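>>> prediction below, plus the sequence it came from.
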Amino acid sequence: MPFALLDTKLIHEPLKYSGSLDHLEFIEVTPIIGREYPTAKIKDILGASNIEQQIRDLAIIISERGVCFFRASQDDLEVEDLKKFTDLVGKLSGRPKENGLHVHPLYRDPANVPMGNGKTDENIYVINSEAQKKMYRSMIKNRPVEPQDLAREWHSDATFESCPSDFSCLLMQETPPHGGDTLWYSGYELYDRISPSFRAYLETLTATCAQPVFRTASAAGNYAIMSPRGSPLNADDSFAPSHPVIRTNRVTGWKSVFAGLGLHVSRINDVYTYEDQMIREYLMRVLTRNHDCVARMHWTKNSVAIWNNSCVFHAATPDTHLVPGSLRLGIRASSIGEVPYLDPNSTSRREALGSAT
């Protein structure tokens, strides 16, 4: 009797780039992560006759490179344009049909600062350090007196949801003359820099991604948490889902470290306390000792970054308080993707590209 052929088909077949963006000038930020478009305008993509083809191709590029920067001033990009652009990147790259843009759990907070136009929008998160201090005032009493460990800043967006964000897009409207940079780190390369045997073990693990601050903040402010939040599955207020430590990116079919480290990860499941600590500290050690896996964005007014949360971690640099009179203000929209999964037939980035880097 002949042996049955193994099923090697992926759950989501990787998308193929069609070449519709070849006319745009670009620079690869590093060999591993990041692409910058120095002159491209997002509004032109939204107005193109082949808009769906261009945005699908852009979703592929973002997913392969991790993050893309649009350096030219996007001062003609309105709030509705930002929302439409982010929504289409997620929609046209295969997210669940019932999903849309994320709604921030604390949108009803009276301290929710409006956008520059004086309005609020449930699908827009305003990046404003002063506003964040007010919204998360319940955390003030827990602030450490020792110097801050900036490794804690690394995270991917909305991992506290059952369906986290796939793509996030940030338009920085005001930025200080120096400081306030954002860094992105390749989860693909983090996976590739772990030994094969340890990778295989990590693929068996999940982690709890708890964020209890939302419930404490809403209780302190006496208002209801928003629900649902971009997906019918993001409807409760537990904010403690379990996600795979290693996940597959649906667009590329590549494996990435996902729920093994970061601001929202509270525990590796089904291991002893010391083992949990050891695993997370090891992954953070690999991250912090390999800065060639980082793409850094020094923001300029009205520049944009869009990234794939399934394969990158990011961290803002909290140094703007050192620049007197500085203001760091931006608006972010986030698409909501699928429940994170690990496809046993997926490969690493290096394996897929046949590359040592």
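Structure received.
>>> neighbouring strands for the biggest strand by length in the chain, and are they parallel or not?
Across the chain, the longest stretch assigned as strand under DSSP state E is strand 165-174. Neighbouring strands of strand 165-174 in its sheet, by DSSP bridges, are strand 303-308 (antiparallel), strand 329-336 (antiparallel).
>>> the helix or strand following the shortest one to strand 329-336, inter-axis angle?
Right, strand 303-308. Downstream of strand 303-308, the first helix or strand assigned by DSSP states H and E is strand 312-316. Here strand 312-316 points in a direction 160 degrees away from that of strand 329-336 (axes from the mean of the first three to the mean of the last three Cα atoms, to 10 degrees).
>>> residues contacting Asn269?
With contact taken as Cβ atoms under 8 Å, 6 or more residues apart in numbering, Asn269 is in contact with Leu205, Thr206, Ala207, Thr208, Ser242. For every residue, glycine as well, the C-beta is placed using N, CA and C.
>>> any idea which of these is closest to Tyr37?
Top of the list for closeness to Tyr37, among the contacts of Asn269 and by Cβ to Cβ, is Ala207 at 34.2 Å.
>>> just list whatever residues bridge to the closest one.
Judged by DSSP bridges, the bridge partners of Ala207 are His243, Ile268.
>>> please tell me how far it sits from Ala158.
Look at Ala207 and Ala158: by Cβ to Cβ, to the nearest Å, they are 15 Å apart.
>>> one step back: which among the strands paired with strand 165-174 is found nearest to Leu261?
When these are compared by Cβ to Cβ, strand 303-308 sits nearest Leu261, at 16.8 Å.
>>> so which bits of the closest one are buried?
Residues of strand 303-308 classed as buried by neighbour count (16 or more other Cβ atoms under 10 Å): Ser303, Val304, Ala305, Ile306, Trp307, Asn308.
>>> can I assume Arg280 sits in a strand?
No: applying DSSP: H, G, I helix; E, B strand; the rest coil, one finds Arg280 to be helix, outside a strand.
>>> my read: it touches Leu261, true?
Yes: using Cβ atoms under 8 Å, Arg280 makes contact with Leu261 at a distance of 5.5 Å.
>>> Asp57: helix or strand, and which one exactly?
Going by DSSP H and E, Asp57 is in helix 51-65.
>>> and for Ser256, the neighbour number?
29 (other Cβ atoms under 10 Å).
>>> got it, and Pro196?
Neighbours of Pro196 under the rule other Cβ under 10 Å: 8.
>>> i'd like the first residue to be 323 from this point on
Done: numbering now begins at 323, and the last item shifts to Pro518.
>>> give me the distance between it and Ile590.
Using Cβ to Cβ, we find Pro518 at a distance of 20 Å from Ile590.
>>> ranges for the strands of the stretch 423-572 of the chain?
447-450, 487-496, 504-508, 528-530, 564-566, 568-570 (DSSP state E, counting those that start in this stretch).
>>> quick one: strands adjacent to the third one?
Which is strand 504-508. strand 616-619 (antiparallel), strand 634-638 (antiparallel).
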